[in-house]
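In: got a predicted model here, sequence first, then my questions.
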Amino acid sequence: MKKILVLHTGGTIAMSADESGNMAPGAQNPLDNYVNRFSDEVELQTEDVFNLPSPHITPARMLELKQRIAKAASEGIDGVVVTHGTDTLEETAYFLDLTLPNELAIVVTGAMRSANEIGSDGLHNLETAIQTASAPDAADKGVLVVMNDEIHSARYVTKTHTTNVATFRTPTFGPIGLVAKHGVVFFESLLRSTVCPIQTVADNVFLIKAYAGMGPELLEAIAQPTTNGVVIEALGAGNMPPVTLPAIQKLLDMNIPVVLVSRCFNGIAQDVYDYEGGGVQLKQMGVIFCQGLNGQKARIKLLVGVSAGMSAGELARFVATANS
Ligand SMILES: NC(=O)C[C@H](N)C(=O)O
């Protein structure tokens, strides 16, 4: 019988709505009422790690969760399911993907509707996440996100809708599997992320979005000795307004890693434009192009690389390599 550890961290999946429809964490986790439908095949062990709405989750909390999961292998656990608020679920899932050598299947899930709303998706997502974590070939795929019957890689999945239950999507690539009526089907295998077994997390790794008419002010404001890195969500294929260039150069001169992704929802950033502020110039300056990740994921990757104490060269390779 497979032994699955279910770790609750909060979010809408652990909330109930009041008469006016408002939601907040309560004393009682409604998931505690979950009855294991697979009792003949799966033994569940459940723990409340914390009970936070996911905008309250920090890298320090992610590290705490990682450390709890790291102990699970020595406890005879076969797979781990994490329930989490959806707002920052993709960041926690990717953090775990980058920091846990997973001999175990690790599946993160959440809900868009609270426990007592009509059409509540929490228990269904919990159940399909448990099904996925106990599937025979779930263990070597990196951290997975299971929502709305789809299985996504933690590396690329993102929340795309504020309220719809079909919110989690993997732009450019699509999901890597499905939880179908007759069980879990994987139809895609990804190269595993390079794992950095960090013990602490760095602070002051920032994320800034570019926009038409952007000035240098935000980039200048973070050119501080305490800054450990910045990710810029650049325009299109990876370009910046020319007036931001001196501030970017200043950050680089201070040996602050500057990582670039595109603010576009699909595709990857590349150095293809050779005009002032274009990707060719940015790359020549020493900006690191990170392929395929959105801004919040690239920030997690940069944060993990910095926390692992990588040299400038190692960090540039780690961040720039799509499957590391
Ligand atoms: N659906 C959700 O879980 C959203 C909630 N605000 C959270 O992330 O905690």
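Out: Looks like it arrived, so ask away. Residues are numbered from 1 along each chain as shown.

In: so Tyr35 versus Leu123, what's the distance?
Out: Heads up, residue 35 is Val, not Tyr. Between Val35 and Leu123 the distance, using C-beta to C-beta, to the nearest Å, works out to 9 Å. (Each C-beta comes from the backbone N, C-alpha and C, glycine too.)

In: which one's more surrounded, the two?
Out: Leu123 (17 against 8; other C-beta atoms under 10 Å).

In: hang on, the more buried one in a helix?
Out: Yes - under DSSP: H, G, I helix; E, B strand; the rest coil, Leu123 sits within a helix.

In: contacts only, for the residue lying closest to it once chain neighbours are set aside.
Out: Residue nearest to Leu123 in three dimensions, not counting chain neighbours: Tyr34, with 6.0 Å by C-beta to C-beta, 6 or more residues apart in numbering. Tyr34 is in contact with Leu123, Leu126, Glu127, counting by C-beta atoms under 8 Å, 6 or more residues apart in numbering.

In: per-residue pLDDT, the second one?
Out: Each residue has a pLDDT score; the one for Leu126 is 96.

In: how about the strands in the stretch 51-200 of the chain?
Out: Ranges of strands within the stretch 51-200 of the chain are 79-83, 105-109, 144-147, 150-153, 158-159, 168-169, 177-180, 183-186, based on DSSP state E, counting those that start in this stretch.

In: look up phi and psi at the residue in the stretch 1-150 of the chain that the ligand sits nearest to.
Out: Nearest residue of the stretch 1-150 of the chain to the ligand (C-beta to the nearest ligand atom) works out as Gly85 at 2.2 Å. Backbone geometry at Gly85, expressed as degrees, to the nearest 10, gives phi -60, psi 150.

In: thought His8 was touching it, still the case?
Out: No - judged on C-beta atoms under 8 Å, Gly85 makes no contact with His8 at a distance of 10.8 Å.

In: distance check, Asp121 against Arg113.
Out: Asp121 sits 5 Å away from Arg113, going by C-beta to C-beta.

In: over to Glu188?
Out: Note on Glu188: its distance to Arg113, by C-beta to C-beta, is 28 Å.
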